[in-house]
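*Asks:* everything below, folded, please.
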Amino acid sequence: MDLTKKNISIVGFGKSGKAIAEVLSKFDNNIFISDSKDESAFTDLLKNFDRGNIRMEFGKNTAEIYEGKDLIILSPGVSIYNDVVQTALSKGVKVTGEIEIAYKLANSPIIGVTGTNGKSTTASLTHCLITYCGKKSILAGNIGIPLSYEIVNHPETDFITAEISSFQLETINNFKPFIGIITNITPDHTDRHITFSNYVKAKRRLFENQGENDFAVLNYDDENVRRIADGLKAKKYWFSVQSKTDCGFYFKDGKYFKSENDKAIVLPDAALSNLPGIHNCQNILAALCVCDILKLDLEQAAKATAFYKPLSHRMEFAGSIKGVDFYDDSKGTNPGAVVAAIENFVRPTALIAGGKNKGMNFEFLSEIIAKNTVFLAAIGESGKEIAELCRKNGMTNAVYFGTEFEKAIRAAYESVKKLKGRVLLSPAGASFDMFKSAEHRGDEFKRIVKKMEAEIN
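*Replies:* I've put the predicted structure just below:
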């Protein structure tokens, strides 16, 4: 793909659109940016954006997107099923995504991480272990830093660690990671992919261009992952917390094992406390698989987990009041993530859940909530449905608070105060019904907890 002196449209501004526009403008391309949102939605991004010869339209997507264009690049938030995109495809205009361009520009092996849950933690943990072992790595992608921008600005890195979403995988052509990791697959984003089958197919695309000299790191405990492994050309590494793997790593009796010769890798206690829960054991195993493939020092890699700091809004400790701990899992935006968060601890849990529904079915989640929590403070667009389902499953302490976020937090605290339990924000939905983003929701949760600490402690 020649990226010089082309007529290119970028559909969707945002971080990704801005980054790819800045990158491609360096190659003497004629760039047109289109976003259906009003220009006022991008005030902060436009402050530091040199438009130069870049033409832009906001509040609409016109035919100029495809007329006379050699290439259209979609931002992750823009569906391949968008009417204008489908028209462009029917006219023979090539459509791709930002990570495809990043792949074209990359000079270093890419470690691509996808999955429904745990992909941000696994990507950042892998990056941490690689750098601790003395190699240069950049961390980018769906984690919040556009991949193309980081690649252009760090050309001398040894490895590129990238979190990649199903939205991004929709638009790849030749993109191929040297190592592809899939953490798990549970229902999510059916509002975008329409069916669970389409979602699974999008995730599987991470491996479709790999060859026999590439690697696929796969979660053996996940039936959907095992199913998509059939037919992969890459060499398979498995990780498991339930059984011994043939090639890869597994967790048993508090220790991490490499399958080859049953070699034990014992992690420091500090690592386990920094990354609580069995799902984080899976994340660690996946990262260790990568280190083994890259022939890094496994003992050094194991030690590095003790220095890894959990990401914000992903089971992040948010404070403590009179023996009650608060955890911010605002990034838990689907039922699978919430189930993992609930099962993370044995202490009595008051759950705060609810948000914008992404087409999810909450039947199974409500069973888990009713069985494993002592109080549900339901909020937002989907909160009422979740609370009603929990009551049907025999839960008497399921209360809907609408948009009264602080009231919900305080009620959750009161419910576990005498039990010395924990308050967990893990919404099972997107944030846009009440907040600007998942980060905003988590930040508000932490702000209110700090306010309560000052009042009560």
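*Asks:* helices and strands of the chain: which one bottoms out on pLDDT?
*Replies:* In the chain, no helix or strand scores lower on mean pLDDT, DSSP states H and E than helix 269-274, which sits at a mean of 55.
*Asks:* and the strands in the stretch 151-300 of the chain?
*Replies:* Under the criterion DSSP state E, counting those that start in this stretch, the stretch 151-300 of the chain contains strands at 159-163, 179-182, 215-219, 235-240, 248-252, 255-258, 263-265.
*Asks:* Gly277 is nearest to which of these?
*Replies:* The minimum distance between Gly277 and the strands of the stretch 151-300 of the chain falls on strand 248-252, with 11.8 Å, by Cβ to Cβ. From N, CA and C alone the C-beta is placed, and that goes for glycine too.
*Asks:* tell me which strands and helices that closest one is in contact with?
*Replies:* The contact analysis (3 or more Cβ pairs under 8 Å, 6 or more residues apart in numbering; DSSP states H and E) places strand 248-252 against strand 235-240, strand 255-258, helix 278-293.
*Asks:* and Lys309, how many neighbours?
*Replies:* With neighbours defined by other Cβ atoms under 10 Å, the count for Lys309 comes to 10.
*Asks:* tell me the secondary structure for it?
*Replies:* Here Lys309 is coil, with the state taken from DSSP: H, G, I helix; E, B strand; the rest coil.
*Asks:* tell me the pLDDT of it.
*Replies:* pLDDT, Lys309: 80.
*Asks:* that one and Cys128, how far apart?
*Replies:* Distance of Lys309 to Cys128, given as Cβ to Cβ, to the nearest Å: 9 Å.
*Asks:* Gly12 now?
*Replies:* Taken as Cβ to Cβ, the span from Gly12 to Cys128 is 30 Å.
*Asks:* so between these two, which is more surrounded?
*Replies:* Using other Cβ under 10 Å as the criterion, Gly12 and Cys128 rank with Gly12 on top: 24 against 20.
*Asks:* count the neighbours of the closest residue to the more buried one other than its chain neighbours for me.
*Replies:* Residue nearest to Gly12 in three dimensions, not counting chain neighbours: Ser75, with 2.8 Å by Cβ to Cβ, 6 or more residues apart in numbering. Neighbour count of Ser75, defined by other Cβ under 10 Å: 24.
*Asks:* need the contact list for Ser75.
*Replies:* By Cβ atoms under 8 Å, 6 or more residues apart in numbering, the residues touching Ser75 are Ile10, Val11, Gly12, Phe13, Gly14, Ser16, Gly17, Gly97, Glu98.
*Asks:* let's see that with 7 Å instead.
*Replies:* By Cβ atoms under 7 Å, 6 or more residues apart in numbering, the residues touching Ser75 are Val11, Gly12, Gly14, Ser16, Gly17, Glu98.
*Asks:* out of the residues you listed, list just those in helices.
*Replies:* The helices, defined by DSSP state H, take in Gly14, Ser16, Gly17, Glu98 from these.
*Asks:* shaky segments in this protein?
*Replies:* The model of the chain has pLDDT under 70 over residues 1, 190-192, 268-274, 344.
*Asks:* give me that answer again for 50
*Replies:* Along the chain, segments meeting pLDDT under 50 span 270.
*Asks:* list the contacts of the longest helix seen in it.
*Replies:* When the chain is parsed with DSSP H, its longest helix is helix 438-456. Residues lying outside helix 438-456 but in contact with it, judged by Cβ under 7 Å, 6+ apart, are 312-313, 318-319, 321-322, 326, 328, 330-331, 333, 405-406, 409-410, 413, 425, 431, 435.
*Asks:* that helix: how far from the chain's middle?
*Replies:* Distance of helix 438-456 from the chain centroid (Cα atoms, centre = their mean, to the nearest Å) equals 23 Å.
*Asks:* quick check: buried residues in that helix?
*Replies:* By neighbour count on 16 or more other Cβ atoms under 10 Å, the buried set for helix 438-456 is Ala438, Arg441, Gly442, Asp443, Glu444, Phe445, Lys446, Ile448, Val449, Met452.
*Asks:* would you list those in a markdown table and tack on distance to Ala41?
*Replies:* A markdown table is the format used below for those (distance: Cβ to Cβ, whole Å):
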| residue | distance to Ala41 |
| --- | --- |
| Ala438 | 17 |
| Arg441 | 18 |
| Gly442 | 21 |
| Asp443 | 20 |
| Glu444 | 20 |
| Phe445 | 24 |
| Lys446 | 25 |
| Ile448 | 26 |
| Val449 | 29 |
| Met452 | 33 |
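*Asks:* just the closest of those residues to Asp253, please.
*Replies:* Nearest to Asp253 among the buried residues of helix 438-456 is Gly442, at 34.3 Å by Cβ to Cβ.
*Asks:* the closest residue to the closest one other than its chain neighbours: neighbour count?
*Replies:* Nearest non-adjacent residue to Gly442, counting by Cβ to Cβ, 6+ apart: Ser330, 3.3 Å away. The tally of other residues near Ser330 (other Cβ under 10 Å) stands at 28.
*Asks:* hang on, Ser330 packs against His313?
*Replies:* Yes. With contacts defined as Cβ atoms under 7 Å, Ser330 counts as touching His313 at a distance of 4.2 Å.
*Asks:* how much space separates Asn280 from Ala106?
*Replies:* Distance of Asn280 to Ala106, given as Cβ to Cβ: 29 Å.
*Asks:* so the two - more neighbours on which side?
*Replies:* Taking neighbours as other Cβ under 10 Å, Asn280 and Ala106 compare with Asn280 leading, 25 against 22.
*Asks:* contact partners for that one?
*Replies:* Thr121 are the contacts of Asn280 under Cβ under 7 Å, 6+ apart.
*Asks:* the strands of the stretch 151-300 of the chain into JSON lines, with extra columns for distance to Ala302?
*Replies:* Listed next are these as JSON lines, based on distance: least, Cβ to Cβ, whole Å:
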{"stretch": "strand 159-163", "distance to Ala302": "18"}
{"stretch": "strand 179-182", "distance to Ala302": "18"}
{"stretch": "strand 215-219", "distance to Ala302": "17"}
{"stretch": "strand 235-240", "distance to Ala302": "14"}
{"stretch": "strand 248-252", "distance to Ala302": "11"}
{"stretch": "strand 255-258", "distance to Ala302": "7"}
{"stretch": "strand 263-265", "distance to Ala302": "5"}
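*Asks:* what's the closest of those strands to Lys356?
*Replies:* Among the strands of the stretch 151-300 of the chain, the nearest to Lys356 by Cβ to Cβ is strand 159-163 (21.7 Å).
*Asks:* buried stuff in the closest one?
*Replies:* Neighbour counts using 16+ other Cβ under 10 Å place Phe159, Ile160, Thr161, Ala162, Glu163 of strand 159-163 among the buried residues.
*Asks:* picking up where we left off before, closest to His154 out of the contacts of Ser75?
*Replies:* Of all the contacts of Ser75, Glu98 has the smallest distance to His154: 16.4 Å, by Cβ to Cβ.
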